[in-house]
Structures are given as C-alpha cells and as structure tokens.
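> Build me a structure from this.
(2 chains)
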Amino acid sequence: MKLATWNVNSVRAREARLLRWLEAARPDVVCLQELKVTTEAFPFEVLRAAGYFAAVHGQRTYNGVAILSRVEPQDVERGFGDEGDDTQARLVSAQVGGLRVASAYVPNGAEVGSEKWSYKLEWLRRLRAWLDRRFAQTDPLALCGDFNVAPEARDVCDPAAWEGSVLTHPDARQALQDVRAWGLVDAFRLHHEEPGFFSWWDYRMLAFPKNKGLRIDHIDLSPSLAGRCSAAAIDRNERKGKQPSDHVPVVVELDV
DNA sequence: ATGGTTGCTTAGCAA
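Sure, this is the predicted structure:
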C-alpha cells in the first residue's frame, strides 16, 4: 500500500495539481490538510472519477482535512470527540484496507506565548489523549499530516535562524514527542538519517529556490506498521512549476 | 530590515 500525506493549501486552488499528482504517483491512500472548503463544497465527484473515495471534515476558509482512498473508508470519525473546542476541523480518521488512518492538521501556533500557541500545545495534548482513549499499541495505525513541528535540528534548513520559532520551539517538540511516546515512529526517519530533507518552504523570500525549508509533514506509524514500512520519500518536485502548495507530499510504502 | 507571498474573501487574517 502506498500511503501519502499532503497539505494542499486549498483543495480548490490545487485541484488540477492534485489530480495530476494522483495520476502520476497512484497512491492508495492520501491524507489531505488545509482544504479551506466546507464538506458540502468538497470536490467529491472529480475525485471519485479519478478513482478515490473521500472521508471529509471540511471548514469554510480555514483548516479542513480529508482522507482519499481507493477503497471506501469505513467508520469515519471527525475531531477528537472530547470535551474540548470542536470549532476547528483539524482531524479526521477512518478504517481503510485493514488499518486506521488519521489525517491531522496541527495548529501552527502563530507566535510563541500567544493564545494560538497555547491552543497548539493543548491540541497536541488532546491528540495524545485521543490515542490513549481510542487505540491499543497493537492496532495498525498511521497518523499522518501537517504537524507544524520540525522534530529535530536536522529537520531545519538553518537551525540557528529558526531557533525559538513556533515550528522548532522546545515546547512544541516536547509536545510532539509526548504524542509519539504513545508508540508511534516517524516513518521517514526509518529510511533517511541525513539532514536536508524538507516538506515545506515559505512562499516568501525565494525560500524554495534557496532550499530554506523545514520537515513538518509526517507519517507516524504504530509498531506493527513500522515493521512493514519498506520505503519513505518526500516528493520535492511537487513544489516546482506553477501554483504549487507551499507543502509537498510525503509518501510511504507499507507491506499490508 | 516584523520584510516577503499565497488563498480566502473582499481588507484583513492566517500561514
């Protein structure tokens, strides 16, 4: 199974590129983030024609997440289902082909110390609580998405320049580590040790041509799936050409 | 040098 995650930064603005990429990469399952569209206005028909079902948790203007799958997703769950804030569409999960897949759009956090920053850290705590509540470590689970955290210095183009940012702050890294301590493994790092692999480049300041990026999009696997992950890659080419997203797809191959 | 760019929505916010 080929499983991917991609923050498309508006599914409507990216529709042509998404369809072209699906045709070229032929993934079985794709987690999308930042749809920026309501569930009602999601392009179900065009994706169905391309061979994909969709489990969608949409929202107007901001956020919005989905799971595309060649087999029909079952048991779709939207949000955490906890007592916390439920106004931002940032999590959808579903059963696809024998495993549980989650598409997550972790809050960016805006600025360290801001209300949005607190919301980001709290959201990551809720994510860990959701894992504790909903799954056993033996379950085949893939948590995919824009985590808005570069886990280590090797995931940052210029660690000194990015020190203390919302994407690299020790508190954000610790919050992600607390999520992963449930029993998740960063699939990309199973296959690549070296620095210089990025999944996001700012639209501004010629960040992509200068390769000033960060690796903030991740596919995290439960132990049983980690042992079945035969390859991982970042599709850097998708940042090239006209009207790219600021993020590119991350792809893994699972022997399931 | 709190700059620069993109998307949604329509002037300002979010990233």
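> Which residues does residue A:69 form beta bridges with?
residue A:29, residue A:53 (DSSP bridges).
> Helix, strand, or coil at the nearest residue to residue A:248 once chain neighbours are set aside?
Closest residue to residue A:248 apart from its sequence neighbours, by C-beta to C-beta, 6 or more residues apart in numbering: residue A:238 at 4.3 Å. For every residue, glycine as well, the C-beta is placed using N, CA and C. Using DSSP: H, G, I helix; E, B strand; the rest coil, the structure places residue A:238 in helix.
> So which bits of stretch A:219-231 are buried?
For stretch A:219-231, burial by neighbour count (16 or more other C-beta atoms under 10 Å) applies to A:219, A:220, A:221, A:222, A:225, A:226, A:229.
> Give me the contact list for that stretch.
A:3-5, A:99, A:135, A:137-144, A:179-180, A:183-188, A:190-191, A:232, A:250, A:252-256 (C-beta atoms under 8 Å, 6 or more residues apart in numbering).
> Which residues are in contact with residue A:40?
Taking C-beta under 8 Å, 6+ apart as the test, what residue A:40 contacts is residue A:58.
> Okay, the residue of the stretch 1-150 of chain A found nearest DNA strand B and residue A:222: tell me how far apart.
Across the stretch 1-150 of chain A, the shortest distance to DNA strand B (C-beta to the nearest atom of the strand) belongs to residue A:10, at 3.2 Å. Distance of residue A:10 to residue A:222, computed by C-beta to C-beta, to the nearest Å: 31 Å.
> Also residue A:35?
Residue A:35 is 26 Å from residue A:222, by C-beta to C-beta.
> Residue A:169 too?
With C-beta to C-beta as the criterion, residue A:169 and residue A:222 are 27 Å apart.
> And residue A:99, by the same measure?
9 Å.
> Equivalent analysis for residue A:77, please.
According to C-beta to C-beta, residue A:77 stands 16 Å off from residue A:222.
> ok, now residue A:56?
Counting by C-beta to C-beta, the gap from residue A:56 to residue A:222 is 24 Å.
> Tell me how many other residues surround residue A:26.
Using other C-beta atoms under 10 Å, residue A:26 has 10 other residues around it.
> Leaving out chain neighbours, which residue sits closest to it?
Going by C-beta to C-beta, 6+ apart, residue A:26 has residue A:2 as its nearest residue, at 7.0 Å.
> can you tell me which residues contact that neighbour?
Per C-beta under 8 Å, 6+ apart, neighbours of residue A:2: A:25, A:26, A:27, A:28, A:29, A:251, A:252, A:253, A:254.
> What subset of those is buried?
A:25, A:27, A:28, A:29, A:251, A:252, A:253, A:254.
> And the furthest pair within these?
A:25 and A:254 (14.8 Å; C-beta to C-beta).
> Sketch out the strands for the stretch 1-150 of chain A, chain order is fine.
Secondary structure of the stretch 1-150 of chain A by DSSP state E, counting those that start in this stretch: the strands cover A:2-7, A:29-33, A:53-57, A:65-69, A:74-78, A:91-96, A:99-105, A:141-146.
> Pick the most buried one from these.
strand A:29-33 (a mean of 29; mean count of other C-beta atoms under 10 Å).
> Quick one: list the elements packing against that strand.
strand A:2-7, strand A:65-69, strand A:99-105, strand A:141-146 (3 or more C-beta pairs under 8 Å, 6 or more residues apart in numbering; DSSP states H and E).
> Between the two ends of stretch A:204-212, how far is it?
10 Å (C-alpha to C-alpha, to the nearest Å).
> Not counting sequence-adjacent ones, nearest residue to residue A:142?
In space, and not counting its chain neighbours, residue A:142 is closest to residue A:101: 5.0 Å by C-beta to C-beta, 6+ apart.
> surely the one you found meets residue A:77?
No - using C-beta atoms under 8 Å as the test, residue A:101 is too far from residue A:77 to be in contact (10.9 Å).
> still on that earlier bit, save the strands of the stretch 1-150 of chain A as a markdown table, and put in distance to DNA strand B and mean pLDDT too.
Below are those laid out as a markdown table (distance: least, C-beta to the nearest atom of the strand, whole Å; pLDDT from 0 to 100):
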| stretch | distance to DNA strand B | mean pLDDT |
| --- | --- | --- |
| strand A:2-7 | 8 | 98 |
| strand A:29-33 | 10 | 98 |
| strand A:53-57 | 15 | 98 |
| strand A:65-69 | 13 | 98 |
| strand A:74-78 | 18 | 98 |
| strand A:91-96 | 14 | 98 |
| strand A:99-105 | 8 | 98 |
| strand A:141-146 | 8 | 98 |
